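> Have a look; sequence and predicted model below, questions after that.
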Amino acid sequence: MKIFREALALSQFLTHQRRLGSTIGFVPTMGALHQGHASLIHRSNAENDLTVVSIFVNPLQFNSPDDLAKYPITTEDDIALLQGINTSVLFLPSREEIYPNNPLIKISFGYLEDIMEGKFRPGHFQGVGMVVAKLLHIVHPDRVYFGQKDLQQCAVIRSMMADLSFMCQMVTVPTVREHDGLAMSSRNLRLSGLQRLNANRIFQALKRAQAMLLEEATVSEAIQFIDNFFKEDDILNLEYFQIVDSETLLAIDKVTSRQASLCMAVHAGSIRLIDNIFLYDSL
Ligand code: AMP
């Protein structure tokens, strides 16, 4: 695996590979890699000649300085994981390499910034948009891979790529879960034993609400059920639960034949966990 720390050197290498006829897949990450990230890399390896993974903890997308300070950094383990799954190239830039100046431009996403994650994490998606735009310009991939776990991030990036004509295909990869259903996340490393034990209730709640909706419960009944499910919980605090159109992410008050998503954010102490499932995912 080749490791690049400088954008120019990476870009020159990839230009050469492209001239040789290689297609390039790109998996942007913030490190603390797990099997969720690995599934994106496997998918990219299957669809491209060469896979570039980036690890960059993007300060612009953290709305809480404490969350940024506590974000796990496990670079040696990450490199070992990447070497084990045939990653061709790792891009490991410094903060100065990505942000030599504070960017003056802002990328905003209209209503997508006012709902769900956007509402609770002001500025988060502007930061995501900025770093993904920069990384796509540096790597210039044929395909870029994102996880369904961050459903709203997928919607934001899809709209940025369409609105700014990025000539690259976006691929969304299903969420990889622990054995008890908890969505894999770098933030899971920060859960205490008790929090970790209880965190699988997030997926359980989503599945129960899904089953209710498929048995013709109304959207408001499902929302009421989820409110009650977490009401007595001393470990997990529900931040939001929404049933939304999977394309637009706008809340719906009735499920129809269009794909709907059940989306949730929960706090375990100071750790914020998100998850979602599609209504028509297998039960
Ligand atoms: P992150 O390092 O958290 O920024 O995540 C990098 C990429 O991996 C994003 O596209 C995430 O959506 C994706 N990802 C994170 N966790 C999972 C998971 N459990 N399953 C699938 N993809 C994931």
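Yes, it's here. None of these values were measured; they are calculated from a predicted model. Numbering: from 1, shown residues only.

> Check which helices and strands the helix or strand hosting residue 82 is in contact with.
Counting by DSSP states H and E, the element that carries residue 82 is helix 75-84. Counting by 3 or more C-beta pairs under 8 Å, 6 or more residues apart in numbering; DSSP states H and E, the packing neighbours recorded for helix 75-84 are helix 35-47, strand 50-55. Every C-beta, even on glycine, is put in place using the N, C-alpha and C of the backbone.

> In a markdown table, list the ones you listed along with mean neighbour count, distance to residue 14 and mean pLDDT.
A markdown table is the format used below for these (neighbours: other C-beta atoms under 10 Å; distance: least, C-beta to C-beta, whole Å; pLDDT from 0 to 100):
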| stretch | mean neighbour count | distance to residue 14 | mean pLDDT |
| --- | --- | --- | --- |
| helix 35-47 | 19 | 14 | 98 |
| strand 50-55 | 26 | 7 | 98 |
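
> For the stretch 151-283 of the chain, which residues are neighbours of the ligand?
173, 175-176, 183-186 (C-beta under 6 Å from any ligand atom).

> ok so, going back, and the helix holding residue 82, which residues are buried?
78-79, 81-82 (16 or more other C-beta atoms under 10 Å).

> Within the sheet, what are the partner strands of the helix or strand following that helix, with directions?
Later in the chain than helix 75-84, the nearest helix or strand by DSSP H and E is strand 89-91. Taking DSSP bridges as the criterion, strand 89-91 forms sheet pairs with strand 2-4 (parallel), strand 50-55 (parallel).

> want to try TSV for these, with distance to residue 249 as columns?
Shown next, in TSV, are the strands paired with strand 89-91 (distance: least, C-beta to C-beta, whole Å):
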stretch	distance to residue 249
strand 2-4	35
strand 50-55	25
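
> re the thing from before, among the residues of the stretch 151-283 of the chain next to the ligand, name the ones in strands.
residue 173 (DSSP state E).

> can you give me the strands in the protein?
Going by DSSP E, the chain shows strands at 2-4, 24-29, 50-55, 89-91, 143-147, 169-173, 236-245, 260-268, 271-278.

> average pLDDT for the first one?
Mean per-residue pLDDT for strand 2-4: 98.

> Now do it: distance to the chain's middle.
Centroid separation for strand 2-4 versus its chain: 24 Å, with C-alpha atoms, centre = their mean, to the nearest Å.

> So which bits of it are buried?
Within strand 2-4, the residues that count as buried by 16+ other C-beta under 10 Å are residue 4.

> Kindly report the same for the longest one.
By neighbour count, with 16+ other C-beta under 10 Å as the criterion, the buried positions of strand 236-245 are 236, 238-239, 241-244.

> Only the C-alpha atoms, please, for stretch 229-243, written as PDB.
Coordinates of each C-alpha in stretch 229-243 appear next as PDB, following Å, rounded to 0.1, in the frame of the first residue of the first chain:
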ATOM      1  CA  PHE A 229     -39.700   2.900  24.100                       C
ATOM      2  CA  PHE A 230     -37.000   5.400  25.300                       C
ATOM      3  CA  LYS A 231     -39.000   7.200  27.900                       C
ATOM      4  CA  GLU A 232     -38.000   4.800  30.700                       C
ATOM      5  CA  ASP A 233     -34.400   4.400  29.500                       C
ATOM      6  CA  ASP A 234     -31.800   5.700  31.900                       C
ATOM      7  CA  ILE A 235     -28.900   5.000  29.500                       C
ATOM      8  CA  LEU A 236     -30.200   6.200  26.100                       C
ATOM      9  CA  ASN A 237     -31.800   9.500  25.500                       C
ATOM     10  CA  LEU A 238     -33.800   9.900  22.200                       C
ATOM     11  CA  GLU A 239     -32.800  13.100  20.300                       C
ATOM     12  CA  TYR A 240     -35.100  12.600  17.300                       C
ATOM     13  CA  PHE A 241     -37.000   9.900  15.500                       C
ATOM     14  CA  GLN A 242     -38.300  10.600  12.000                       C
ATOM     15  CA  ILE A 243     -39.900   8.800   9.200                       C
END
